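1. Sequence first, then the predicted structure:
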2 protein chains.
Amino acid sequence: MKKKLERSSLMNVGRRVDYAMRALSYLAGQPQGKIVGRIEIEKKQDIPAYYLSKIMKDLVAGGLVRSHMGSKGGFSLARPAETISIKKVYETVERPFVLMECLEKRQDYCSYCAVCTQRSIWNKAQSLLADYLERVSIRDIAAQYGLRERLAAING
Amino acid sequence: MKKKLERSSLMNVGRRVDYAMRALSYLAGQPQGKIVGRIEIEKKQDIPAYYLSKIMKDLVAGGLVRSHMGSKGGFSLARPAETISIKKVYETVERPFVLMECLEKRQDYCSYCAVCTQRSIWNKAQSLLADYLERVSIRDIAAQYGLRERLAAING
DNA sequence: TGAGTCGTAGACTTAAAGGGTCTATATTTT
DNA sequence: AAAATATAGACCCTTTAAGTCTACGACTCA
């Protein structure tokens, strides 16, 4: 008789999103069309080995990044940095951008949807966030040099 | 050499918050000072048996709710509904309201804080959300009747 | 053409978090 | 004293985040 809950943890801004943004930020900082290998990105932006693979896969599948196979292969942005919003990044590597399941699935998730007094609040909150994250893009965080180099630079 | 991560999942608007708001919403809908038992709240608002115990404990500890032990015991709001913001509820039953660890812990969480280009974005996003959820209160979702009754009512 | 370099796909592991249940105990009313 | 209640905390199960690794396919270049 127990209802199965698929997930309840939402709006998880965790490592995946962080790493995706680090990678995109670095790509956006390179000369246009430059192809950068995974290992270079991992090193420069301090992303765990191999982990980046899985994230890049999503970014490629989502059309944000172009991959180049074979020797001398790597990645480059698939479109202008200013057209890649943070919201888009989040949704590409994580999941649809929702604060509460019910905002999307409605009755399918919670039978009280029709009489719920909370719904409008979370809906508004979500809009506020989504609207903002849609207006900010990878261009805004582009960086020619990696985190490691920049940190070393300010530390003498 | 591996760094231990305490947590990365943030801004989890899940069942705990949902149930806390259901409970508070119901208490806020009752005549002032009325004491309501846990089981009544569970039934009326469809909250899993016993689970509410743990949530109410937090709400009591946080000073949002007053508990009354013994026979005829139960709960009542500890202060006016309009002074209990949604943000406060979230922080009372979940955790500090932060989108990314680094926004609070800074260097302690991520050594690249000083050269991070993402930080200001998440900081702004967090402010937007927090400011809004601080302006909305339990009073805005108060309901005299439980979800079950209200749903039954509209279904004929 | 073949060796070496890369991305792709997906299995696998571990730790932690979320959600839920239950029981023993302390406190109050009748 | 008995019944009804909150309190505290142990306990469980499932899913997720994070990270690691390997077999494979595609590409470059000598």
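-> Cool, the structure landed. Numbering: from 1, shown residues only, chains lettered A, B, ... in the order given.

2. Show the average pLDDT along the helix or strand that contains A:Lys57.
-> A:Lys57 belongs to helix A:51-61 when elements are defined using DSSP states H and E. For helix A:51-61, mean pLDDT rounds to 97.

3. what residues are up against A:Arg106?
-> A:Cys113 (C-beta atoms under 8 Å, 6 or more residues apart in numbering or on different chains). C-beta: built from backbone N, CA, C; applies to glycine.

4. So it belongs to a strand, correct?
-> No. Assignment of A:Arg106 by DSSP: H, G, I helix; E, B strand; the rest coil gives helix, placing it outside any strand.

5. gap between it and A:Lys72?
-> Distance, A:Arg106 to A:Lys72, using C-beta to C-beta, to the nearest Å: 49 Å.

6. what does A:Glu40 give?
-> For A:Glu40, the distance to A:Lys72 - C-beta to C-beta - is 12 Å.

7. Have a look at these two and say which one is more surrounded.
-> Neighbour count, other C-beta atoms under 10 Å in any protein chain shown: between A:Glu40 and A:Lys72, A:Glu40 has more, with 13 against 8.

8. Surely the more buried one is in contact with A:Phe75?
-> No. Assessed by C-beta atoms under 8 Å, A:Glu40 is found out of contact with A:Phe75, at 9.7 Å.

9. The lowest-mean-pLDDT helix or strand in chain A packs against which elements?
-> Across the helices and strands of chain A, the lowest-confidence element by mean pLDDT, DSSP states H and E is helix A:102-105, at a mean of 84. Counting contacts by 3 or more C-beta pairs under 8 Å, 6 or more residues apart in numbering or on different chains; DSSP states H and E, helix A:102-105 is packed against helix A:119-135.

10. Give me the residues contacting the helix it packs on.
-> Taking C-beta under 8 Å, 6+ apart as the rule, helix A:119-135 contacts A:11, A:85-88, A:90, A:97-100, A:102-103, A:113, B:13, B:86, B:121, B:124-125, B:128-129, B:132-133, B:136, B:140-141.

11. and these near DNA strand D, which?
-> When contact is defined as C-beta under 7 Å from any atom of the strand, the contacts of helix A:119-135 do not meet DNA strand D at all.

12. Buried ones from these, can you make that a ChimeraX selection?
-> Command for ChimeraX, covering only those of the contacts of helix A:119-135 found buried under the criterion 16 or more other C-beta atoms under 10 Å in any protein chain shown:
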select /A:11,85,86,87,88,90,97,98,99,100,102,103,113 /B:13,86,121,125,128,129,132,133,136,140,141
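
13. Burial check on whatever residue of chain A ends up closest to DNA strand D, number of neighbours?
-> DNA strand D sits closest to A:Gly70 of chain A, with a gap of 2.2 Å, by C-beta to the nearest atom of the strand. The tally of other residues near A:Gly70 (other C-beta under 10 Å) stands at 6.

14. so it is in which element?
-> Judged by DSSP H and E, A:Gly70 forms part of no helix or strand.

15. Ramachandran angles for it?
-> With angles defined as degrees, to the nearest 10, A:Gly70 sits at phi 80, psi 180.

16. The one 10 residues further on now?
-> Dihedral pair for A:Pro80: phi -50, psi 140, per degrees, to the nearest 10.
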